[in-house]
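Q: give me a 3D structure for the following:
(2 chains)
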Amino acid sequence: MTRSDSIKAGMGNGGWMLEAENIHKHFGPLHVLKGITMRIAKGEVVVVVGPSGGGKSTFLRTLNMLEKPDRGFVKIDGVLMGYEHVNGRTVELSDARVSLQRRFFGMVFQQFNLFSHLTALENITVAPIKALKIGRTDAIAEARRLLSLVGLSEKENAYPDQLSGGQQQRIAIARALALKPKVMLFDEPTSALDPEMVSEVLKVMLDLSKAGMTMVVVTHEIGFARLAADRAVLIDAGVIVEEGLPETFFSAPKQERTRQFLNKVLDFHGSSLL
Amino acid sequence: MWDWGAFLHYLHNGYLLKGAGVTLALSLACLAIGLVCGTIAALMRMSAKPYLNKPAAFYIWLMRGTPVLVQLIIIYTGLPQLGIRFNVIESCLLGLGLNEGAYLAEIIRAGILSVAKGQFDAARSVGMTHAMTMRIIVLPQAMRVIIPPLGNTFNSLLKTTSLASVISMEELLRRTEVLIQVQFKVLEIFIVAALYYLVMTTIWGFIQKRLEAHFSRSHAPAAARGASPAPNGARAEIEQVLLSHDAQ
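A: Predicted coordinates for the structure are as follows:
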């Protein structure tokens, strides 16, 4: 059974892993997201591209309620994010309960955002211990396993400031995985990296996708998208302009806006992608 | 004439030493009160909700806008007129503690503003509540920025407690004055008192250095790499707060 077959099988059996329905978001007078709907199957890897300011990052942040959508809803594995139904009415969840729901998502940021006062190991264990109340011994054992998974076992006592960008981002991925998320969100994970460090991070992400992790990746790494993505999506001006299989999306896009955007990105990245 | 004998005699005078002990205890108690009030006021001040940030701004404005001596006299001498009575110690803790809190509120707020926004995002993304984010992630990082000016205010506080002598708190200055009224060795006894203050602020200076090193340990070697400087807006705000404090 191929990867896409197993994804289709997953859709048939248990519905969608992630559903975002008609997501709207305003920042003051700006209408940043104008009704984005996206359904993602278990194990699927979706790559999101698009010009900056087009709403990609904001969309990602509405999925785990870092930004609350003004309209629309998000469901993860059938669970509604941020709200519950009580006696036929929809009520907002408390901060404590939304925070617990966020663990369904692992999030990796462009600027890594490792906790700068904690060591690599503490960065990974702090949330399991404090937020999920997992025992310290178990949390440390799991953190060591994740550190070896991202190839940084020898760095467990290093502070973020003592690590390279690529190493920090791999620790950040391990930190996100420590919560055993159902879906991983990547917000331009390699954009702030020196060129020679991009591949070590992409390799970890590729391993994750092969292991069956459901992923939404905002990136301009077209090479990674061709290799790992099951679907590519272009978001611009707050709407989905086009989506499709990576093979056709990148080589024969249907929309003029997609074509223009891809030309710019490919020009910029030049021959490194060929 | 300077009397060496008297000077050396009063240098280890139990009555004065006890006064210094009261000064130290009063300073520490006011620092504790100030830290609690200051943290709460800073968090309220940064809230977007007017019913939280308005009262905090009012408290800080009121306390920083009036002399602490006037506050002490109002609390101890003025309020009984309204039937509200505090004894000397309560008045000192209230006046000096609330005053300290107002200054610390601005220092703590500057410290929190110095923490990169991404740290909040990351903490929230791994399932921490707002309160946990503040306690476990933000405040420990803010300490690096908070400790130096906090050390300065505690140094000031050690000396500001001398104002409490005006409402007859038996601290170092008050006891010095009492002693002088019986012994008439004005210069000798005042110099001894000054030395006591100097010893206390000097020891605090050493403690402050250790604290600064402790809270900067994660930033020690690679600081020159310019890992993540505070955003310009935050930095300007920090500087403004620190300047306004120096002008106290």
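
Q: near chain B, which residues of chain A?
A: Contacts of chain A with chain B, taken as C-beta under 8 Å from any C-beta of the partner chain, map to A:64, A:66, A:95-96, A:99-100, A:102-103, A:105-107, A:109, A:111-119, A:126-127, A:130-132, A:159-162, A:172, A:175-176, A:178-179. From N, CA and C alone the C-beta is placed, and that goes for glycine too.

Q: state the number of residues packed around residue A:137.
A: Around residue A:137 there are 8 other residues, counting by other C-beta atoms under 10 Å in any protein chain shown.

Q: looking at it now. What's its pLDDT?
A: Looking at residue A:137, its pLDDT is 95.

Q: for residue A:264, same thing?
A: At residue A:264, pLDDT is 83.

Q: which residues touch the strand or helix carrying it?
A: If you go by DSSP states H and E, residue A:264 is part of helix A:256-269. When contacts are defined by C-beta atoms under 8 Å, 6 or more residues apart in numbering or on different chains, helix A:256-269 is touched by residues A:49-51, A:220, A:222, A:234, A:236, A:241-242, A:249-250, A:253, A:273.

Q: looking at these, which are in helices?
A: Using DSSP state H, the subset of those located in helices is A:222, A:249-250.

Q: coming back round to it: buried ones among the contacts of helix A:256-269?
A: Applying 16 or more other C-beta atoms under 10 Å in any protein chain shown to the contacts of helix A:256-269, the neighbour count classes A:49-51, A:220, A:222, A:234, A:236, A:241-242, A:249-250, A:253 as buried.

Q: mind putting these in a markdown table, distance to residue B:219 and pLDDT included?
A: Shown next, in a markdown table, are these (distance: C-beta to C-beta, whole Å; pLDDT from 0 to 100):
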| residue | distance to residue B:219 | pLDDT |
| --- | --- | --- |
| A:49 | 36 | 94 |
| A:50 | 36 | 92 |
| A:51 | 36 | 90 |
| A:220 | 31 | 87 |
| A:222 | 37 | 88 |
| A:234 | 40 | 95 |
| A:236 | 40 | 94 |
| A:241 | 43 | 94 |
| A:242 | 45 | 94 |
| A:249 | 44 | 92 |
| A:250 | 42 | 89 |
| A:253 | 46 | 89 |
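
Q: just to revisit the earlier point, among the ones in helices among the contacts of helix A:256-269, which one lies nearest to residue B:217?
A: residue A:222 (41.7 Å; C-beta to C-beta).

Q: please tell me how far the closest one sits from chain B.
A: 26 Å (C-beta to the nearest C-beta, to the nearest Å).

Q: that residue and residue A:250 touch, don't they?
A: Yes: with contact defined as C-beta atoms under 8 Å, residue A:222 counts as touching residue A:250 (6.1 Å).

Q: now, the buried ones among the contacts of helix A:256-269 that are in strands?
A: Within the buried ones among the contacts of helix A:256-269, membership in strands is found for A:49, A:234, A:236, A:241-242, as judged by DSSP state E.

Q: closest one to chain B out of those, please.
A: residue A:49 (21.8 Å; C-beta to the nearest C-beta).

Q: state the mean pLDDT of stretch A:184-199.
A: Stretch A:184-199 comes out at a mean pLDDT of 93.

Q: chain center to the helix of greatest length in chain B, what's the gap?
A: Counting by DSSP H, the longest helix found in chain B is helix B:14-46. Distance of helix B:14-46 from the chain centroid (C-alpha atoms, centre = their mean, to the nearest Å) equals 6 Å.

Q: where does pLDDT dip in chain B?
A: Residue ranges of chain B with pLDDT under 70: B:220-248.

Q: for it, which segments count as strands?
A: Counting by DSSP E, chain B contains no strands.

Q: show me where it has its helices.
A: B:4-11, B:14-46, B:50-65, B:68-73, B:88-113, B:117-125, B:130-132, B:139-160, B:172-183, B:186-215, B:232-246.

Q: got the buried residues for the shortest one?
A: Along helix B:130-132, these residues count as buried under the neighbour rule (16+ other C-beta under 10 Å): residue B:132.

Q: now do that helix: everything it contacts.
A: A:95, A:99, A:130-131, B:123-124.

Q: neighbour-wise, which one of the residues you listed leads?
A: Neighbour counts for the contacts of helix B:130-132, by other C-beta under 10 Å, peak at residue B:123, which reaches 25 neighbours.

Q: correct me, but that residue touches residue A:116?
A: No: applying C-beta under 8 Å, one finds residue B:123 not in contact with residue A:116, separated by 11.8 Å.

Q: now for residue 44: which residues touch it?
A: No chain was given, so I picked chain A. A:7, A:17, A:214-215, A:230-231.

Q: um, chain B though
A: So residue B:44 contacts B:52-53, B:55-56 (C-beta under 8 Å, 6+ apart).

Q: ok, residue A:243 to residue A:38 distance?
A: 8 Å (C-beta to C-beta, to the nearest Å).

Q: apologies, that question was intended for residue B:90.
A: Distance from residue B:90 to residue A:38, counting by C-beta to C-beta: 62 Å.

Q: compare those two (neighbour count), which wins?
A: residue A:38 (21 against 12).

Q: which of the contacts of residue A:44 has the most neighbours?
A: residue A:214 (26 neighbours).

Q: ramachandran angles for that one?
A: phi -80, psi 130 (degrees, to the nearest 10).

Q: tell me who's in contact with it.
A: Going by C-beta under 8 Å, 6+ apart, residue A:214 touches A:17-18, A:40-45, A:182-184.

Q: and for residue A:198?
A: Contacts of residue A:198 by C-beta under 8 Å, 6+ apart are A:166, A:190, A:221.

Q: now those residues as CSV including neighbour count?
A: What follows is these, written out as CSV (neighbours: other C-beta atoms under 10 Å in any protein chain shown):
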residue, neighbour count
A:166, 21
A:190, 25
A:221, 25
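
Q: ok, how many other residues are close to residue B:63?
A: The number of residues packed near residue B:63 is 20, by other C-beta under 10 Å.

Q: correct me if wrong: residue B:107 contacts residue B:35.
A: No: with contacts counted by C-beta under 8 Å, residue B:107 stays clear of residue B:35, the gap being 10.2 Å.

Q: show me which of the two is the more surrounded one.
A: Comparing residue B:107 with residue B:35 by other C-beta under 10 Å, the one with more neighbours is residue B:107, at 25 against 18.

Q: the more buried one - nearest residue in space that isn't next to it in sequence?
A: Spatial nearest neighbour of residue B:107, chain neighbours left out: residue B:149 (4.8 Å); criterion: C-beta to C-beta, 6 or more residues apart in numbering or on different chains.

Q: and the gap between the nearest residue to residue B:92 once chain neighbours are set aside and residue B:62?
A: Among residues not flanking residue B:92 along the chain, residue B:164 sits closest, at 4.6 Å (C-beta to C-beta, 6+ apart). Look at residue B:164 and residue B:62: by C-beta to C-beta, they are 20 Å apart.

Q: who has more neighbours out of the two?
A: Between residue B:164 and residue B:62, residue B:164 has the larger neighbour count (other C-beta under 10 Å), namely 29 against 13.

Q: report the contact partners of residue A:97.
A: Residue A:97 neighbours (C-beta under 8 Å, 6+ apart): none.
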